[in-house]
Structure formats: structure tokens, C-alpha cells
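A.B. asks: sharing a sequence plus its predicted fold:
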Amino acid sequence: MMIHNFSAGPCVLPKEVILKASEALLDFDNGLSLIEISHRSKAFVDVMEKARALALELLGLEGKGYKALFLQGGASTQFLMVALNLLEKRAGYLNTGTWADKAMKEAQIYDDVYEVGSSKASNYNYIPKGYDVPSDYDYLHVTSNNTIFGTQMKSFPKVDIPLVCDMSSDIFSRTLDFSQFDLIYAGAQKNMGPAGTTLVVVKEEVLGKVSRKIPSMMDYKVHISKNSMFNTPPVFAVYTSMLTLEWLKNLGGIKAIEEVNEMKARIMYSEIDLNPLFKGFTAKEDRSNMNATFTLESENLKETFETMVKEAGINGINGHRSVGGYRASMYNALSIDSVKALVEVMSELEAKA
Ligand code: PMP
């Protein structure tokens, strides 16, 4: 039976990527495994360079003063790294979800932060709009897609201070003018690869402006100066991410996957809206194309629905505990057929009820 993997992350990856990555575990370079060769070998240095170049190319940021890094410590380490490298006096944070809130709290350890807007009081079911961002702040931090709640920023504030964006759960999924951001970071485990590496894309000119001493491992400039090889990189995660970026490029890049992602989201949300048994969790205009959150109107149908879901090979749609209900995560590698399979179960439930 085909398994439809709607997991929120780590999540579905292209089958051909998993296949190639597993082959490399057995034989990557003259009979040696990817995970038993030196990270300083030419074979691996080529992988790192290709991964960094592909990231910039796909985002349309080549030759625009940006550097791509593959670091460790997850997106959560970026919460503090951003502050250590950019926060001198005060920064603004848009609080759109649990991760945005955590990013803000980490920055608070180092200096002053100001919450420019928040939807916390309504359990983050919309994206705040119309907030002011003082022009003397060091930066504004936003989260493009709120994985847990299923909201996504459709536009970004025009600010004349550095704009920092946590794109962990929607990077490489839609076309944007990525040059509006000065720093983008994303954990690999959604649209890129296995957990273990985090992509950081930073415009070099925003660095080097804080007065504090930054520990080497936390210093973007150190990682840039060492071509993302300051210490041993997570070789398997970087290699697999490179394969996914290659896969995306061969598909036609972000533009091509965006069309598929829009189609998947349309199919999913129209079922949520038209089927009287289900209700969307978020404000319609802020709905995420990556994570669709919804609830079942009647608790009595829960068991039947969940049994049907299981029988159809649908995996990973339970909502996060802070929202409840269901969450269908539709990352780049999830096929339209998987979305159709879920929608079919939802409409079968309606026919049964
Ligand atoms: N930001 C967002 C938007 C996320 O979805 C997540 C994890 N799901 C994180 C940050 C934290 O990432 P990590 O587990 O890699 O630290």
C-alpha cells in the first residue's frame, strides 16, 4: 500500500533523493561511504560547494552579496545566533507562533527586543498586519510560515532595517523576492533534507556591526571565512540537502514546485471549506500552503475518521497539541495524489455521516 506522509517535519523527501543518499552510504567515493571519508576530501568539499551554490541559485541570490552556510544546531540555534550577530541595542519581533515566540525569548537574553505585533491571544490563528517598525531598530525578525498553526505570511513588511526571516517550513516552496531579506535561515528537515543541518543565507554587509565578542561557532563571519567548514559539517545532512536542491532544480526550480504546491493547497482547502464536517483553524487570507490545520466539527466521528485515514495509508495528520485537530503538511515532496487520497477520505466520511 502506498503510504501518504503528511508529517510536519522531519517529513516526506523525494524517493529518488533517499535512494541516492542511501547508495552514498554504501559507496560514495571509490568504495568508501559518504560517512567514512574526510570532510576535507575533494569529494565532500565539492558537495558542500555545490549545496551552497544551489541554495543561492534557487533563491535568485547569486552575485548579490549573499553567502550560504550549512550549519548545525537546528533552526533553534539560529534564534540566538541572529541576536549575537545582529543585536546591538534593540530588535523587533513579529510574534506569529510558538517558534517566533521562542526566537524572541532567546534574543531577549542578549538585549532589548520589542514585539511589533502578536496573534498569541487568539492562539496564533492569523498573521498580525499594520504594525509599525521603528527605523532605528537593529533588525526585524519574522517567521514566514508557522508550522504548528498553519499560517503563512503572504507579504512582508517594507522596512529600511535588516529583515531576518525564519523560513524553516516553507523555504524553496514559493517564489518571493528573496533579496528583501538580509538573513534567511531554515532547518533542513522540511523542504531540504534530514534533520542535522540548517541553511543560513546572509547578506554579508549586515555583519560585523555589533560590539560584543562572538564565540567562533556562533559567528557567521567565521563560518563564511571557512566556507562553511569551520568544523566538521554534518556530511550526510548536507549531501542529502544537495540532492534535494538538485532535484528541485531539475524540476524547474521554485516556480515549478510553487504551481504544484498551490494546486495541492487548493484541493485541500476547498475540501475543508465545502465539507460541513470540517472547519479550518486559521484566517483564510493567512492560510499556509505548507501546513493545513483543521478540526472535525463532531467529536463523535473522530474514531471513524481516524480509522479510515489509517486504512488509506495516510500518516502524520494529527494536529500539534497546542492546536488539536488535524494538520496536513504538504511539503514540496508530497505528491498531489497524496492530497487527493486524504480529501477522498474526508468526502467519504461526509457520505457516511
Ligand atoms: N522554526 C520553525 C518555523 C519550525 O517549524 C521549527 C521546527 N519545526 C523550528 C524553528 C525549530 O527547528 P529545529 O528543531 O531545527 O531547531
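C.D. replies: Arrived safely.
A.B. asks: for the ligand, what are the nearby residues on the stretch 151-300 of the chain?
C.D. replies: 166, 168-169, 187 (CB under 6 Å from any ligand atom). From N, CA and C alone the C-beta is placed, and that goes for glycine too.
A.B. asks: and of those residues, the nearest to S329?
C.D. replies: S169 (8.1 Å; CB to CB).
A.B. asks: and the lengthiest helix in the chain, how far from the chain's centre?
C.D. replies: Determined from DSSP state H, the single longest helix within the chain is helix 253-274. Taking CA atoms, centre = their mean, to the nearest Å, the mean C-alpha location of helix 253-274 is offset from the chain mean by 17 Å.
A.B. asks: contacting residues around whichever strand or helix holds F79?
C.D. replies: Assessed by DSSP states H and E, F79 sits inside helix 74-86. With contact meaning CB atoms under 8 Å, 6 or more residues apart in numbering, helix 74-86 is reached by 71, 73, 91, 99, 102-103, 105-107, 109-111, 138-139, 141, 162, 164, 166, 168, 183, 185-187, 195, 198, 200, 206-207, 209-210, 212, 214-215, 218-221.
A.B. asks: hmm, it touching the ligand?
C.D. replies: Yes. Using CB under 6 Å from any ligand atom, helix 74-86 reaches the ligand at 74-76.
A.B. asks: out of the residues you listed, which are buried?
C.D. replies: 74-75 (16 or more other CB atoms under 10 Å).
A.B. asks: output the residues of helix 74-86 next to the ligand as CSV; include the columns pLDDT and distance to A312.
C.D. replies: Shown next, in CSV, are the residues of helix 74-86 next to the ligand (pLDDT from 0 to 100; distance: CB to CB, whole Å):
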residue, pLDDT, distance to A312
G74, 98, 32
A75, 98, 32
S76, 98, 34
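A.B. asks: closest to Y131 out of the residues of the stretch 151-300 of the chain next to the ligand?
C.D. replies: Closest to Y131, out of all of these and judged by CB to CB, is D166, at 17.4 Å.
A.B. asks: tell me the pLDDT of the closest one.
C.D. replies: If you check D166, the pLDDT there is 99.
A.B. asks: M346 too?
C.D. replies: Reported pLDDT for M346: 98.
A.B. asks: which elements pack onto the helix or strand containing it?
C.D. replies: Here M346, judged by DSSP H and E, is contained in helix 336-352. For helix 336-352, the packing partners by 3 or more CB pairs under 8 Å, 6 or more residues apart in numbering; DSSP states H and E come out as strand 4-5, helix 253-274, helix 302-311, strand 314-315.
A.B. asks: just the residues of the stretch 151-300 of the chain next to the ligand: which are in strands?
C.D. replies: Of those, the ones assigned to strands by DSSP state E are 166, 187.
A.B. asks: quick one: the residue nearest to V260 when sequence neighbours are not counted from T282, how far?
C.D. replies: Nearest non-adjacent residue to V260, counting by CB to CB, 6 or more residues apart in numbering: I336, 6.7 Å away. With distances taken as CB to CB, to the nearest Å, I336 is found 22 Å from T282.
A.B. asks: so those two - more neighbours on which side?
C.D. replies: T282 (25 against 13; other CB atoms under 10 Å).
A.B. asks: what does the pLDDT read for the residue nearest to L199 when sequence neighbours are not counted?
C.D. replies: Spatial nearest neighbour of L199, chain neighbours left out: A186 (5.0 Å); criterion: CB to CB, 6+ apart. pLDDT recorded at A186 is 98.
A.B. asks: equivalent analysis for the one 10 residues further on, please.
C.D. replies: pLDDT recorded at G196 is 98.
A.B. asks: near the ligand, which residues of the stretch 1-150 of the chain?
C.D. replies: 9, 74-76, 99, 143, 147.
A.B. asks: so where is the stretch 101-250 of the chain shaky, pLDDT-wise?
C.D. replies: Counting by pLDDT under 70, the stretch 101-250 of the chain contains no low-confidence segment.
A.B. asks: tell me which stretches of it form strands.
C.D. replies: 112-118, 140-143, 145-146, 151-152, 163-166, 183-187, 198-203 (DSSP state E, counting those that start in this stretch).
A.B. asks: one step back: so which of the helices and strands packed on helix 336-352 is the most packed in?
C.D. replies: strand 4-5 (a mean of 22; mean count of other CB atoms under 10 Å).
A.B. asks: contacts made by the following helix or strand past it with the rest, please.
C.D. replies: Scanning forward in sequence from strand 4-5 by DSSP H and E, the next helix or strand is helix 15-26. With CB under 8 Å, 6+ apart as the test, helix 15-26 has contacts from 33-35, 193, 236, 239-240, 243-244, 247, 333.
A.B. asks: got a winner among those residues for most neighbours?
C.D. replies: G193 (29 neighbours).
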